[in-house]
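1. Kindly return the folded structure for what I paste below:
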Amino acid sequence: MAKQLTLDDRKRIAALTGIDEQYLYQCLTGRRDMQPARARRAEEVTSGEVTRQMLCQKTYAGIWPELAGSAEAGCHLGKEGAHA
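-> The predicted model follows:
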């Protein structure tokens, strides 16, 4: 089951990881892929709340083949998650 992240969740994660909230949003929605080292660090800092698969949706399988079979490849944004 994909994780639900609200705007408040993203703001908290952005502050925790030092990643701009808008960039985080773009990565979580598949518009951009995060740099692999940054994605790995974000996964570690958040104890898996955001994953490399969530942050590198287009490229994670090629970068981390051991994750390719993982079911958690995306993120659903909560009701307030979309930006206008």
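
2. measure Gln57 to Ala15 for me?
-> Distance, Gln57 to Ala15, using Cβ to Cβ, to the nearest Å: 23 Å. From N, CA and C alone the C-beta is placed, and that goes for glycine too.

3. if you count what's nearby, which of those two comes out ahead?
-> Gln57 (20 against 10; other Cβ atoms under 10 Å).

4. list the contacts for Glu43?
-> Taking Cβ atoms under 8 Å, 6 or more residues apart in numbering, we find Glu43 in contact with 50-52, 55.

5. just Lys58 next, same as before
-> Counted by Cβ under 8 Å, 6+ apart, Lys58 has contacts 30, 33.

6. Apply 6 Å and report the result again.
-> Asp33 (Cβ atoms under 6 Å, 6 or more residues apart in numbering).

7. picking up where we left off before, can you list which of the contacts of Glu43 are found in helices?
-> The helices, defined by DSSP state H, take in 52, 55 from those.

8. Any of the contacts of Glu43 buried? List them.
-> Neighbour-count burial (16 or more other Cβ atoms under 10 Å) is assigned, among the contacts of Glu43, to 50-52, 55.

9. can you name the two of the residues you listed that are farthest apart?
-> Distance extremes for the buried ones among the contacts of Glu43: the farthest pair is Val50 and Arg52 at 8.6 Å, using Cβ to Cβ.

10. What about Leu16, how many residues nearby?
-> Counted with other Cβ under 10 Å, Leu16 comes out at 13.

11. how far away is it from Gly30?
-> Taken as Cβ to Cβ, the span from Leu16 to Gly30 is 22 Å.

12. Residue ranges in the chain under the pLDDT threshold?
-> 1-3, 70-84 (pLDDT under 70).

13. Many thanks, have a good one.
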